[in-house]
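Engineer: Based on what follows, work out the 3D shape:
(chains A and B)
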Amino acid sequence: MGFDAKWTELPSVQRRFLFFSAAAAIVFLLLGLRLWYLQVISYGEYQERSVRNRTRVLSLDAPRGPIYDRYGQLLVDNRPSFQISVMRQDVEDQQLLLQHLSELLKIELPVLEERWKDGRRFPIYRPVPLATDVPRDVMERVQEHGVELPGVLTEVRPVRDYLEKGSAAHLVGYLGEITENELVDEKYEGYQAGDFVGKIALEKTFEAYLHGEKGRRLVEVDVKGKLLRQLQTEAARPGNKVYLTLDRELQRAADVAFGDQSGAAIALDIKSGDILAMVSRPTFDPALFARGIASEEWASLLKDSRHPLQNKVIAGQYPPGSTFKMVVALAAMREGVASRFREIDCKGDFVIGGMRFRCWKKAGHGKTDLKKALRESCDVWFYQVGLELGIDKLSAAAKEFGLGEPVGYPLPGEKRGVIPTREWKRARFNLPWYAGETVNASIGQGFVLATPIQLAVMTAAMANGGKVLTPQLIERIEDWQGNILLQPEVEVVRQVDYSAAAWQAIKGGMVAVVNEPRGTGRVAQLDQVVVAGKTGTSQVVRRKTDEEEESDEGGDSPYRFRPHALFIAFAPADDPKVAVAVVVEHGQHGGSAAGPVARSILEKYFSLQQQRVENN
Amino acid sequence: MFDRRLVVNFDWILLLTVCSLAGIGILNLYSATANWQFASTPIYMKQLIWLGGGLALVLLICCFDYRHLEHFSILAYIITIGMLSSVLLLGKTSMGATRWLNLGFFNLQPSEVIKIVMILLLARTFGRTALPEGYSMADLWRPALLLLLPVGLILKQPDLGTALMLIFISMSMLLFAGVQNKTLLGLFILGGVAVVLGWFGLHDYQRERIQTFLNPEADPLGSGYHIIQSKIAVGSGGFFGKGFLQGTQSQLSFLPERHTDFAFSVFAEEWGFVGCSLLLLGYLFLVVWGIYIARHAADRFGMFLAIGVTAMIFWHIVVNLGMVNGLLPVVGVPLPLFSYGGTSMVTTMVGIGLLMNVSMRRFMF
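Structural biologist: Predicted coordinates:
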């Protein structure tokens, strides 16, 4: 420590304390002098600038990225809209101003007052919107009266333009004003109150790609807030271009074919998994949301018992009914339970454990092999084979095809459906599995539920030799320089293996459904190509007893009790390209209600292909 | 066990100074954010909570003898360098820079930790080796390497402000330890070369900021906006200021970042030259008191520790005030005890705690 003392006591070291203190004081003195210069000597100049400091940074909305179909046809764009807003800090007499505006805009005074109050959420330097999307003549009228309207701004803002209206609305989604919760979310860094963001589906999931970058405008305004001059502009950067896998023409055709019925339809490219068309009905107009939806409209959408806001392609869960039968047949052939030549005598019903299960055809189909069972959709054949196969193998085969699990649709909201197993039932109801339930599951009834997209993926796998594909929705995302930012690749989730003979038997049966006499799906027959398909009619409630049915001839039971109509198909049968799944809610019969929709989609698909070949 | 002298020697003056400055700071934050809508806790309340936590930290640091830190400093240095490296590998990116390490409950900024650790390590080195005739160039290569390693890592983040801060603090401590005249000259030449080379190594946005500083009016909308608006705020404050909550620049939201880096501009606008002078005197007193504590420290480690902490506080004040008054480029350095921010508060309070620790144990030998 002696060394310490010596060094510290050196006069030169002792002087350093003083020197450092003095240096600090001098630096602070310099800072003080600078403050003196700014605050006392230059006070006049800065004082004036602060009074005059009416330079404002106005943000310029970035147009959201446009959305195209796979061939570059515009689906969603932006259009300019006029907005009347007001800078609160520049308004002297609020009441007078609002009265004046009320006359010009033809908006009732209380409404304007409400919007003014609502605008207090914004920082004081942000203009408060009073009227959005006003017609040009109204905007011009307001501009003419500019002198009497201090603080009022007319702004041009891009607003989302959904060119296809409600078509594909469920996959595109809609916009809404950013909420307080979203504002504090890291994901929305840089957003301000009053901004519009994607609320569901594509608009939400791809927000980061679509929203673009705001521009800024530095303007000088006078003390009354009237714009004097523009000082500088930084243009907004529009959002990136999203190309969907959809084909606009096919989408339109599917929409027309579906008409006013409720339900869902989807067309998949069987090699790539690209979603070519996707219909969910009823639908809604996303434009309603583009600049704020009225609460009555919102309530009526929510209350509608036909669920217009639900994307039924991915979230509608239906008993697949007879469209499930191919899975049972394939599993039975693989497990050696039944070959395609197995004949079962259908007498119209099937009894096990005292329970009677009926075939849809009361008179029975007589001697039936697999092809006939598919063609005429005989239930008894599948009851027998399914029962012998057992629920464990049946469920395993179904899951291989992607049923009972989300198929990986790239946007959120997908439901998983149900493929029941012993464990599932034990966990769900704490009950053992009964043989009768296997019988029911064999025709896609009972606990079995599937979404239309699952059925489409299954159908595609049956057409392409067992490749279970992830459905794709995004063809690519591109910036404005043409750089590709995202381009999903074909994704094979699983290869399902069956013998060539088994695939052939299934295909043969499905071709017979559409093309042979007595096939249940003859309505889907096309002239130019051979379609393979399968109908399905799935019970919403327990199948009626004979007595009830006697008293209910004609099938005009209440809408909500009517069975769903299903149809799945792929074509051309010898070189498959496209798979289709259609569900018409409460459509009664698969053949008559869903079949024509599938037919229209397929017909359009092939005529479009023809056209495109000719055009090239 | 607990020495009575510690209580007797508790440095009330230091505590009072710190609390007064922080108190004014919180009052100022109240004004700076008066027209904000808060979803949850207002900024000034949060800062008050941070201050409370900071004071608790000061007391905690006082509880053990600072001399234990001397042995701990090398280990701490190694750990912090490890954290700085991992920040580059797996840190959280915000606004283009990667500075944070997510520890689950909070985000740690290792570039702040290194300031304190560097002070400890240099206090140890200089405390053991200071020479009456001063250091020569040859004595300094080891401390220089110890400094350049973290500086390099921080520049990589990139965070020019913190890197410079680290260099300033270390240089202050070195000058205090004493160098030979020719070494001093050598250091100047090296510094000059580094500045020239550094210019080419800067990120575009950093170079832009320096150019903006030289001519802010060239880009009034972009990076010049901060400086111009800040100068207008300060200048229009005049001699007596516009009054509490009356600053038009800040209340009308022309002033950006007015609760963090530009908090002083709000104060200057509302309290004028008079208020600013008093605040400056307060800060100057804090710095001089730090040097006073160093002078009366019980050992050389304690002395250099106090000098290091004081230098840290001093440079933060000077760079921040230089920045908001348009004397220095905008480098994003907060004003200690004044700008909003938990990180800055914790670093400052750890420093104050160390000062307090040295001050309390000045008669311990």
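Engineer: Give me the phi and psi for residue B:334.
Structural biologist: Taking degrees, to the nearest 10, you get phi -80, psi 160 for the backbone angles of residue B:334.
Engineer: Show me the shaky parts of the chain.
Structural biologist: Just going to use chain A. Residues of chain A meeting the criterion pLDDT under 70: A:1-6, A:52-56, A:89, A:121-125, A:220-229, A:231, A:290-293, A:541-557.
Engineer: sorry, should have said chain B
Structural biologist: Low-confidence segments of chain B (pLDDT under 70): B:1-3, B:35-40, B:91-107, B:209, B:212-223, B:250-256, B:364-365.
Engineer: all helices for it, in order.
Structural biologist: Secondary structure of chain B (DSSP state H): helices located at B:4-8, B:12-32, B:43-62, B:68-90, B:110-129, B:141-156, B:160-177, B:181-201, B:204-214, B:224-237, B:248-251, B:263-295, B:300-324, B:342-360.
Engineer: Determine the three-state secondary structure at the residue in chain A positioned nearest to chain B.
Structural biologist: With CB to the nearest CB, the shortest gap between chain A and chain B falls at residue A:46, namely 2.6 Å. For every residue, glycine as well, the C-beta is placed using N, CA and C. State at residue A:46, reduced to three classes by DSSP: H, G, I helix; E, B strand; the rest coil: helix.
Engineer: For it, list the residues it contacts.
Structural biologist: A:38, A:39, B:231, B:232, B:234, B:235, B:236 (CB atoms under 8 Å, 6 or more residues apart in numbering or on different chains).
Engineer: Looking at the residues you listed, spot the one nearest residue B:344.
Structural biologist: Of all the contacts of residue A:46, residue B:234 has the smallest distance to residue B:344: 20.9 Å, by CB to CB.
Engineer: How far off centre is stretch B:130-149?
Structural biologist: 23 Å (CA atoms, centre = their mean, to the nearest Å).
Engineer: right, is it up against chain A?
Structural biologist: Yes. When contact is scored as CB under 8 Å from any CB of the partner chain, part of stretch B:130-149 falls within range of chain A: B:130, B:131, B:132.
Engineer: now do stretch B:52-69
Structural biologist: No. On the criterion CB under 8 Å from any CB, stretch B:52-69 is out of touch with chain A, staying 12.0 Å away.
Engineer: who's in contact with that stretch?
Structural biologist: The list of residues contacting stretch B:52-69 from outside it, by CB under 8 Å, 6+ apart, reads B:6, B:10, B:15, B:18-19, B:22, B:120, B:299, B:301-302, B:305, B:345-346, B:348-350, B:352-354, B:356-358, B:360-361, B:364.
Engineer: let's go with 6 Å and repeat that
Structural biologist: Judged by CB atoms under 6 Å, 6 or more residues apart in numbering or on different chains, the contacts made with stretch B:52-69 from elsewhere in the structure are B:120, B:345, B:349, B:352, B:353, B:356, B:357, B:358.
Engineer: Show me how chain A divides into domains.
Structural biologist: Partitioning chain A according to automatic domain parsing yields domains covering residues A:56-117+A:126-136+A:151-244, A:248-282+A:310-545+A:558-615.
Engineer: most centrally placed residue in chain B?
Structural biologist: Here the mean C-alpha position of chain B is nearest to the C-alpha of residue B:316 (CA atoms, centre = their mean), at a distance of 3.8 Å.
Engineer: can you count the residues close to the closest residue to that residue other than its chain neighbours?
Structural biologist: Computed as CB to CB, 6 or more residues apart in numbering or on different chains, the closest residue to residue B:316 that is not its neighbour in sequence is residue B:336, at 5.0 Å. When counting by other CB atoms under 10 Å in any protein chain shown, one arrives at 26 neighbours for residue B:336.
Engineer: so residue A:587 touches residue A:566, yeah?
Structural biologist: No. In this structure, residue A:587 is not within contact of residue A:566 by CB atoms under 6 Å, at 8.4 Å.
Engineer: Strands of the stretch 101-250 of chain A, residue ranges please.
Structural biologist: Assigned strands in the stretch 101-250 of chain A, in chain order: A:128-134, A:152-162, A:175-177, A:196-198, A:215-221, A:227-234, A:241-244 (criterion: DSSP state E, counting those that start in this stretch).
Engineer: Now tabulate the ones you listed in TSV and tack on distance to residue A:343 and mean neighbour count.
Structural biologist: As requested, those are exported to TSV (distance: least, CB to CB, whole Å; neighbours: other CB atoms under 10 Å in any protein chain shown):
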stretch	distance to residue A:343	mean neighbour count
strand A:128-134	68	20
strand A:152-162	55	20
strand A:175-177	59	19
strand A:196-198	57	21
strand A:215-221	74	17
strand A:227-234	78	13
strand A:241-244	48	24
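Engineer: Quick one: residues contacting the residue lying closest to residue B:22 once chain neighbours are set aside.
Structural biologist: Here the nearest residue to residue B:22 in space, its sequence neighbours aside, is residue B:337; by CB to CB, 6+ apart that works out to 4.4 Å. Taking CB under 6 Å, 6+ apart, we find residue B:337 in contact with B:21, B:22, B:25.
Engineer: can you check residue A:372 too?
Structural biologist: For residue A:372, no contacting residues are found, by CB under 6 Å, 6+ apart.
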